[in-house]
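[1] sequence below, structure please.
(one chain, ligands or ions: 1)
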Amino acid sequence: MEVCFGDTIIAEHCKKNGILWTGIDINEIFVKYAVKKGFNAELLDLEQINDLPKADTFIISGSLYHFQNDQESLFKKMLDCAPQMIISEPVINLSNNKGIIGKLAKASASVNGKTQAFRYTEKTLLETIEQLSKKLKFKYRVESLFDKDLIIVITK
Ligand SMILES: C[S@@+](CC[C@H](N)C(=O)[O-])C[C@H]1O[C@@H](n2cnc3c(N)ncnc32)[C@H](O)[C@@H]1O
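    So this is what the prediction gives:
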């Protein structure tokens, strides 16, 4: 289960390796594109879904920042969906730049017309995960810093 998939890179990897893939995204263009390529993609708003289909692995890449206002309910959904979750989240972002570049980056970040300028740093992401792990009682490990993304694996 990949939420906020955007592109079909992981879907293609799964197909090559005989792994079933289901994707959810709020963007009609991304969903239509994935469906056209033969993938099992659905147009859904993750914030509006209460029960996600069960999966072996839950993946969210480059998208956690969209749910900054209600991380807890997202994590509850993830934990309910799969025994293992992979989060890949950018922690080096132009939006965190204090100068003109940061202002431009913030202005250009939007989903369905709504501006979403918030981004994590390594520190704020790890603080958030640590707090949630205590509250929701899950384990996590930082797998690596890959390019600009911190990759975190969560298990129940
Ligand atoms: C920055 S893109 C990341 C795309 C891809 N996962 C990647 O790593 O390149 C964020 C994605 O989250 C999707 N998204 C944002 N809010 C969403 C929501 N509430 N429900 C489902 N998808 C959402 C957007 O449509 C977009 O495809």
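[2] could you give the number of residues near the residue of the chain found nearest the ligand?
    Nearest residue of the chain to the ligand, counting by Cβ to the nearest ligand atom: G6, 2.5 Å away. In short, each C-beta sits where N, CA and C put it, glycine included. Other residues within reach of G6, judged by other Cβ atoms under 10 Å, total 17.
[3] once you drop chain neighbours, what's closest to it?
    F30 (5.5 Å; Cβ to Cβ, 6 or more residues apart in numbering).
[4] would it be right to say that the one you found lies in a helix?
    Yes - counting by DSSP: H, G, I helix; E, B strand; the rest coil, F30 falls inside a helix.
[5] residue contacts, it?
    Listed by Cβ atoms under 8 Å, 6 or more residues apart in numbering, the contact set of F30 reads 5-7, 41.
[6] select only the buried ones of those residues in PyMOL?
    A single PyMOL command selects the buried members of the contacts of F30 (16 or more other Cβ atoms under 10 Å):
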select buried, resi 5+6+41
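[7] show me the domain layout of the protein.
    Using automatic domain parsing, the domains assigned to the chain come out as 1-44, 54-155.
[8] I'd like those domains laid out as TSV, including mean pLDDT.
    What follows is the domains of the chain, written out as TSV (pLDDT from 0 to 100):
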stretch	mean pLDDT
domain 1-44	98
domain 54-155	88
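[9] any idea how far F138 is from the residue nearest to G6?
    F30 sits 28 Å away from F138, taking Cβ to Cβ, to the nearest Å as the criterion.
[10] same question for N93.
    25 Å.
[11] please name the nearest non-neighbouring residue to C14.
    Looking at C14 with Cβ to Cβ, 6+ apart, the closest residue is W21, at 3.9 Å.
[12] what is the neighbour count of the one you found?
    21.
[13] next one: the one 3 residues further on
    Each residue near I24 was counted by other Cβ under 10 Å, and the total is 20.
[14] these two touch, right, it and A34?
    No - in this structure, I24 is not within contact of A34 by Cβ atoms under 8 Å, at 10.2 Å.
[15] so what sits against both of those two?
    5, 41.
[16] how far away is the closest residue to L136 other than its chain neighbours from T8?
    Among residues not flanking L136 along the chain, F75 sits closest, at 5.7 Å (Cβ to Cβ, 6+ apart). Per Cβ to Cβ, F75 is found 25 Å from T8.
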